[in-house]
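**Student:** prediction below, plus the sequence it came from.
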Amino acid sequence: MDIIEKNTSQSAESLQNDAFIQNVKMMHPQSRSTLMAEIAAMEKDQKADEKAKQYLKWILKQTEFNFYLALLPKGQGLVLLKQNSKAVLVIGLNRPHEELKPFVEELDFVLEILNIHSLQKGEGFKIMKKVMDLSNHLQSPITLIVENDEQQKYFERYGFKNVGALEKENERIMILRNE
């Protein structure tokens, strides 16, 4: 790849990142309003799951000072963009999917890291610590899928264990259980 192609590629990636950041910031007020309405409805519902309520309240609190929030369609997860725009987390409190059930069959919900990315050294660590604190508070393990050895080693530093391979090439399920 010559310098012009490399610079063009980097510029396109930068524009995509800028557009993503602007979209999340633009969606933040509406996403917070939707989240507050959901929490209010759950407060009135005697049958609402307490763990789900605690999770949404934690998310809402994080969006006061630390993160911008965007909701993914159809409850597929929540995007949390650090307000300094140096890291992003896509997270969900989900019922275990079929491939995960054998490893967490005793649980109704797991915290699922769907994506995590940082643009500055140390920012990923800060987000991971917050998610680990949430996991401990909810007493729910954290699950994620990695695609290569480098990703696996990164999450092993936090105590995640590789519990098995998925049918897709190279994908592995990792779990961090509460102590």
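**Tutor:** Sure thing, it's come through.
**Student:** next one, pLDDT for the most centrally placed residue in the chain please.
**Tutor:** Centroid-nearest residue in the chain, with C-alpha atoms, centre = their mean: I91, separated by 2.4 Å. I91 carries a pLDDT score of 94 in this model.
**Student:** relative to K53, how far out is it?
**Tutor:** 16 Å (C-beta to C-beta, to the nearest Å). Just so you know, the C-beta spots here come from the backbone N, C-alpha and C atoms, and that holds for glycine as well.
**Student:** beta partners for the residue nearest to the centre of the chain?
**Tutor:** According to DSSP bridges, the residues that bridge with I91 are L78, I113.
**Student:** ok, now which ones touch L114?
**Tutor:** Q76, G77, V90, I91, G92, L144 (C-beta atoms under 8 Å, 6 or more residues apart in numbering).
**Student:** what's around N66, how many residues?
**Tutor:** 15 (other C-beta atoms under 10 Å).
**Student:** pretty sure it sits against N84.
**Tutor:** No - using C-beta atoms under 8 Å, N66 is not in contact with N84, being 9.4 Å away.
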